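# Below is the sequence, then the predicted model.
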Amino acid sequence: MSEIENQIQGLILKTLDHEVTSDDIDWNDLLLISILDSVSTLALVTGLEDAFDVIVEDEELTEEMLTSTRSIAQYIYEKLTTDTHSFVSE
C-alpha cells in the first residue's frame, strides 16, 4: 500500500471520528459515499486538501473518485503530478 493510501485511510478514520475502526472497513472495496454524510465528505475533502496541498474542485468530487482509498490515492497522485501553479506577477 502506498504512503498516500495510508494517509487517506488515516484521514477517513479521523473524519468518521471513531465511529468505525480500520478493521471494520474493506479498504479495497469501499464505497465511501455510503458511509460518509455530506458533512463528513466535506471534512474529508478539506483534510485531503490540507494534507496534500491540492484543491479538489466541486466537479471532480464524484462517486467514482470516492469509491476506495485506491481511487482517492489515484486522484491525489494525478493532482500532484499534473497540477500547475501559475503565479501572477504584479
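Happy to help now that I have it.

# quick one, helices of this protein?
Ranges of helices in the chain, per DSSP state H, are 3-15, 32-35, 38-52, 69-82.

# For this protein, give me the ranges with low pLDDT.
Along the chain, the parts satisfying pLDDT under 70 run over 1, 18, 26, 28-35, 83-90.

# go again using 50 as the cut-off
85-90 (pLDDT under 50).

# Include mean neighbour count and distance to residue 63 when you put the helices of the chain into JSON lines, please.
(Each C-beta comes from the backbone N, C-alpha and C, glycine too.) As requested, the helices of the chain are exported to JSON lines (neighbours: other C-beta atoms under 10 Å; distance: least, C-beta to C-beta, whole Å):
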{"stretch": "helix 3-15", "mean neighbour count": "18", "distance to residue 63": "16"}
{"stretch": "helix 32-35", "mean neighbour count": "15", "distance to residue 63": "5"}
{"stretch": "helix 38-52", "mean neighbour count": "16", "distance to residue 63": "11"}
{"stretch": "helix 69-82", "mean neighbour count": "17", "distance to residue 63": "10"}
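
# could you dump those helices to TSV with distance to residue 25?
Listed next are the helices of the chain as TSV, based on distance: least, C-beta to C-beta, whole Å:
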stretch	distance to residue 25
helix 3-15	8
helix 32-35	8
helix 38-52	13
helix 69-82	9
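
# Can you check which of those helices gets nearest to residue 58?
Closest approach to residue 58 among the helices of the chain is made by helix 38-52 (9.5 Å; C-beta to C-beta).

# now could you export just the CA positions of the closest one as PDB?
Extracted as PDB, the C-alpha positions of helix 38-52 are listed here (Å, rounded to 0.1, in the frame of the first residue of the first chain):
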ATOM      1  CA  SER A  38     -22.300  15.400   3.400                       C
ATOM      2  CA  VAL A  39     -20.600  17.000   6.500                       C
ATOM      3  CA  SER A  40     -18.100  14.000   6.700                       C
ATOM      4  CA  THR A  41     -17.500  14.200   3.000                       C
ATOM      5  CA  LEU A  42     -16.700  17.900   3.300                       C
ATOM      6  CA  ALA A  43     -14.400  17.200   6.200                       C
ATOM      7  CA  LEU A  44     -12.600  14.500   4.300                       C
ATOM      8  CA  VAL A  45     -12.100  16.800   1.200                       C
ATOM      9  CA  THR A  46     -10.800  19.600   3.400                       C
ATOM     10  CA  GLY A  47      -8.400  17.100   5.100                       C
ATOM     11  CA  LEU A  48      -7.200  15.900   1.700                       C
ATOM     12  CA  GLU A  49      -6.600  19.400   0.500                       C
ATOM     13  CA  ASP A  50      -4.700  20.300   3.700                       C
ATOM     14  CA  ALA A  51      -2.700  17.000   3.800                       C
ATOM     15  CA  PHE A  52      -1.700  17.000   0.100                       C
END
